[in-house]
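Q: A predicted structure for the sequence below; I have some questions about it.
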Amino acid sequence: MEKSDEKWSVFWCSLLHPIIFNEIEPSQINNFLKDLSRKEVVFPNGRKKRPSLSTLRRKLNQYLANGFEGLFRKSRNDKGIPRSASQEIFDKAIEIKCDQPKRSHQAINLFLQDYYQMTLSRSTLYRHLKQNGATRFKLGVVKKKVRCRWTRDIPNDLWVGDFSYGPYVLVDGEIQPTYLSLFIDCHSRYVVEGRYYLRQSLDIVVDTLLRAWSIHGISNDLYLDNGKVYHADALKSACYALHIRLLHRGVGDPSPGGLVERLFGTGQDQFESEVRAGDILTLDMLNRAFSAWLHTVYHVHIHSETNEKPIDRFNSGRKIMKSIDMEVARKFFMKDIQRTVHKDFSDVAVNNRFFKVDRKYRGDRVIVKYDPFSTMESVLIFSQKEEYLAKAPLYHREKRDQIETPMIQGKPKHNLIDLMIRNHEKQIEAKAQGMDYSKVLSPHHWPFASFIQKLAQLMGKKGGVSAFNADELESLTRIYEKHTHLNEYKLVQAFERAEVKNIPHVTLELQKQ
């Protein structure tokens, strides 16, 4: 039984259902069939028309005689056997096509007319050629090209993202596959973010996006594949909140997908082939090498489609870059789980880690929200009504102080320290009013080298510029250019407030100043 036969049989049974199950009197069957023949119905092939009375009677008789399977369409006895021409003619047509794969059906028919005084229709000829592997595609004459001709007029108007399989890496002594998560700017062909991961999931997509957003702002549109991971509600919510139009690749596989597919092909030919030819790398080393390839090869060479360097074409639109509040973006990707605060230990467990909760919530059912992309130093506690209760820090149960401690006084409303610092900065600004700013080479009062040196010191890295790779230095350059009033105090203050001591989180704190 074929699926099509089953589908058609169900269709006819649904029409004849009242008769089959004796829901109408035998004397009314003829009237019922006449009424049914006057109604338009949608057939399984998608056509909408009226079933003829004779067809309805024939189908009813077939069902009454042979049951459900009696409605199956009978297959031809000569199925697969040519009726209009002999097998010899088809064999000769295949031979002629293989002799010169680029011959059209008209050319083949010229030979058939000469040899057998007959021709074959285009559809019949092509069907037999395809069945015998004798088409242009099957014979290797035509190779379908990856489509990639789609662009926008300005940078950051559209980003295209997707996953691709990457080289194997060494993780804790074991070899594991990698997946490249990448977003490319449609106008410039500039890779706004791309790195290798050990899995394909929503948190990987989000991590890649957050890195791109923190450095380059947001795009107007975001074009993604039709996979399940790209239809997650968290991603849709963030895009709506940030006013980003989320687009997905259609069923027909339209050309925009070819843009990122071509980049994957270029990366595989120029970069991954070199990686696979050498020793197996670690994941960190693979990402460092990929970043180096992007910034020293791909971004600085003229692209064949745009006839410009991706870096130059992308930087032309930096003045219209749309900034982003990272705090707004991150909250849509926070995970939340239901927990009961332990009655004895007054804590909650998340991923086999314990977080200390105020003793007054012991035994309460709460919602725990946490950022899966952070180091999980703390989680947020909410009531069942989504009311914020407290921030629960990470701790060790065996080291918890069992002595009841007094309530800690809240943060003062008026901060004397901040006041003194503001007054001191005003004095510095007053003394600097006589400075000749025309002699300053940069709008910054604080040299870039000092900024790099101080950040490296705060992050526990040795050296200045040498402490960061090319990808990190590019990010730091953009941060430095954006925050023209940056100074050592503001950097230290932002670093201390950062939940995770890395560049994206420090950037977030600088934006809040």
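A: Good, I have the coordinates.
Q: let me see the contact set for residue 36.
A: Residue 36 makes contacts with 15, 51, 56, as judged by CB atoms under 8 Å, 6 or more residues apart in numbering. Every C-beta, even on glycine, is put in place using the N, C-alpha and C of the backbone.
Q: quick check: nearest residue in space to the first one, chain neighbours excluded?
A: Once flanking residues are discounted, residue 15 sits nearest to residue 36: 6.4 Å by CB to CB, 6 or more residues apart in numbering.
Q: wait, a helix at that neighbour?
A: Yes - per DSSP: H, G, I helix; E, B strand; the rest coil, residue 36 lies within a helix segment.
Q: which stretches in the stretch 151-300 of the chain count as helices?
A: Using DSSP state H, counting those that start in this stretch, the helices found in the stretch 151-300 of the chain span residues 202-216, 233-241, 256-267, 273-277, 283-293.
Q: just the mean pLDDT for the helix or strand that the last one is followed by, thanks.
A: Beyond helix 283-293 on the C-terminal side, the first helix or strand identified by DSSP states H and E is helix 310-315. What helix 310-315 shows for mean pLDDT is 90.
Q: over to stretch 250-260?
A: Per-residue scores along stretch 250-260 average to 64.
Q: span of that stretch from start to end?
A: 15 Å (CA to CA, to the nearest Å).
Q: now stretch 266-285
A: With CA to CA, one end of stretch 266-285 sits 20 Å from the other.
Q: enumerate the positions of that stretch that are buried.
A: 266, 267, 268, 271, 272, 275, 281, 283 (16 or more other CB atoms under 10 Å).
Q: so which residues make contact with that stretch?
A: Stretch 266-285 is contacted from outside by 164, 166-171, 175, 178, 180, 196, 198, 286, 289-290, 293, 297-298, using CB under 8 Å, 6+ apart.
Q: mark which of those are buried, thanks.
A: 164, 166, 167, 169, 178, 180, 196, 286, 289, 290, 293, 298.
Q: where does the stretch 1-150 of the chain dip in pLDDT?
A: Within the stretch 1-150 of the chain, the segments meeting pLDDT under 70 span 1-3, 74-84, 141-150.
Q: show me where it has its helices.
A: 3-15, 17-20, 29-37, 53-66, 87-99, 105-116, 122-131.
Q: closest to residue 490 out of those?
A: The closest of the helices of the stretch 1-150 of the chain to residue 490 is helix 3-15. By CB to CB, the value is 67.6 Å.
Q: and that closest one with helix 29-37, angle?
A: Counting by axes from the mean of the first three to the mean of the last three CA atoms, to 10 degrees, helix 3-15 lies at 120 degrees to helix 29-37.
Q: please save the CA atoms from helix 3-15 in PDB.
A: Extracted in PDB, the C-alpha atoms of helix 3-15 (Å, rounded to 0.1, in the frame of the first residue of the first chain):
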ATOM      1  CA  LYS A   3       0.700   6.500   1.000                       C
ATOM      2  CA  SER A   4      -1.100   8.200  -1.900                       C
ATOM      3  CA  ASP A   5      -3.500   5.200  -2.100                       C
ATOM      4  CA  GLU A   6      -4.200   5.500   1.600                       C
ATOM      5  CA  LYS A   7      -4.700   9.200   1.300                       C
ATOM      6  CA  TRP A   8      -7.300   8.900  -1.500                       C
ATOM      7  CA  SER A   9      -9.100   6.100   0.200                       C
ATOM      8  CA  VAL A  10      -9.500   8.100   3.400                       C
ATOM      9  CA  PHE A  11     -10.800  11.000   1.300                       C
ATOM     10  CA  TRP A  12     -13.500   9.000  -0.400                       C
ATOM     11  CA  CYS A  13     -14.500   7.300   2.900                       C
ATOM     12  CA  SER A  14     -14.800  10.700   4.600                       C
ATOM     13  CA  LEU A  15     -17.300  11.800   1.800                       C
END
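Q: specify the angle between that helix and helix 53-66 in degrees.
A: Using the same axes, to 10 degrees: helix 3-15 against helix 53-66 is 100 degrees.
Q: rewinding a little: closest one to residue 343 out of the contacts of residue 36, please.
A: Set against residue 343, the nearest of the contacts of residue 36 by CB to CB is residue 15 (64.4 Å).
Q: how close does the closest one get to residue 60?
A: Relative to residue 60, residue 15 is positioned 9 Å away (CB to CB, to the nearest Å).
Q: before we move on, what about residue 69?
A: Distance of residue 69 to residue 60, computed by CB to CB: 15 Å.
Q: between the two, tell me which one has more neighbours.
A: residue 60 (18 against 12; other CB atoms under 10 Å).
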